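Q: Quick one, structure for this:
(one chain, ligands or ions: 1)
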Amino acid sequence: MSLDLHAWSVDRRARVDAALEPLFGGVWPPSFVEVLRYPLFTGGKRMRPLYAVAAAEAVGGTADQAIPPGVAVELVHTYSLVHDDLPAMDDDDERRGRPTVHKAFGEDLAILSGDALLTEAFAVLARADAPAEVRLGWVDTLAEASGARGMVGGQVGDIGCGPGADLATVEAVHVRKTGALIRAAVVMGGLAARAELDVMARLGTYGDRIGFAFQVADDVLDADEDAGAEGPPSYVKLLGLEGTRKLAREAMQEALDAIAPLPRPEALIALARYTIDREV
Ligand code: GRG
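A: Below is the predicted model of the structure:
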């Protein structure tokens, strides 16, 4: 049975937004709340929470079980974008058609808001209405994916990646920089629904392959802005546009094969297709 991804996403995104909304009550000084909310409510697609919810539903759980990890992973994703846009990193003036956080509020508050968003993610997990062993599994998974062995390590590798980097190096960077957090979202969704170990392995493979496909598809979307031989390495540069599209399709197929036997895989299937066909 296929799924109306638009209707499904609107509903699940609304639940994620409702859980994000009350965060940061009691923040001091009160004016800092605006800085924290600015990057969280500016039109992000909420892909990572959707992957988490879809994973929980795929194994017979509920969307609500996966909201805390979905919110946590979105907080980590948002912090990473705020810090990635800083002058010391990508030095971007705009994101999602609006000034970046450091352009709107200054570099100092951009750094500090990223720090606070990251920290809040783990508070959300610790305080969630879920068994202690589930919360511990979420914290472990998210910490591993976000830190030096995951996204931060990938970003460090990216900084050291010259224009002539080979395919293996580019993949090693992207699996960590982009893929690790997406894989963690899927795995945390499975943990939320208390999936069995063999099912968790299937979700891990799906998350791994879709995390990779996400970045490959991103390179296709960015192909027009490719800065040529002097710019950063990309799959399009290494494999050409058609070769890059093929790589994304192959990774998606591996993801779909892994989750085919699950009881309710419809949302994961639809999200996998969207991941490589999306236009934003
Ligand atoms: C600063 C520690 C640190 C890490 C930054 C994720 C990242 C590492 C940098 C972002 C740079 C980038 C554009 C990576 C490509 C893939 C990616 C993460 C795209 C943005 O994710 P979307 O499309 O964003 O889910 P929205 O805007 O929908 O939330």
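Q: okay, CA-based contacts and neighbour counts for the rest of this
A: Fine.
Q: quick one: the helices in the chain?
A: Read by DSSP state H, the chain holds these helices, from start to end of the chain: 5-20, 32-40, 47-58, 67-84, 101-105, 107-127, 132-146, 151-159, 167-174, 180-192, 197-221, 235-259, 266-277.
Q: Columns mean neighbour count on top of the ones you listed, output as TSV?
A: Formatted as TSV, the helices of the chain follow (neighbours: other C-alpha atoms under 10 Å):
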stretch	mean neighbour count
helix 5-20	15
helix 32-40	18
helix 47-58	29
helix 67-84	25
helix 101-105	20
helix 107-127	19
helix 132-146	19
helix 151-159	19
helix 167-174	18
helix 180-192	31
helix 197-221	23
helix 235-259	18
helix 266-277	21
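Q: Pipe those helices into CSV and attach mean pLDDT per row.
A: As requested, those are exported to CSV (pLDDT from 0 to 100):
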stretch, mean pLDDT
helix 5-20, 98
helix 32-40, 98
helix 47-58, 98
helix 67-84, 98
helix 101-105, 98
helix 107-127, 98
helix 132-146, 98
helix 151-159, 96
helix 167-174, 93
helix 180-192, 98
helix 197-221, 96
helix 235-259, 94
helix 266-277, 96
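Q: Show me what from the stretch 101-250 of the chain comes close to the ligand.
A: By the rule C-alpha under 6 Å from any ligand atom, the part of the stretch 101-250 of the chain lying against the ligand is 151, 152, 155, 177, 178, 215.
Q: isn't the second one right up against residue 146?
A: Yes - with contact taken as C-alpha atoms under 8 Å, residue 152 and residue 146 are classed as touching, separated by 6.2 Å.
Q: residue contacts, the one residue in the stretch 151-280 of the chain that gets nearest to the ligand?
A: Sorted by distance to the ligand under C-alpha to the nearest ligand atom, the residues of the stretch 151-280 of the chain start with residue 152, at 4.3 Å. Residues in contact with residue 152 (C-alpha atoms under 8 Å, 6 or more residues apart in numbering) are 146, 176, 177.
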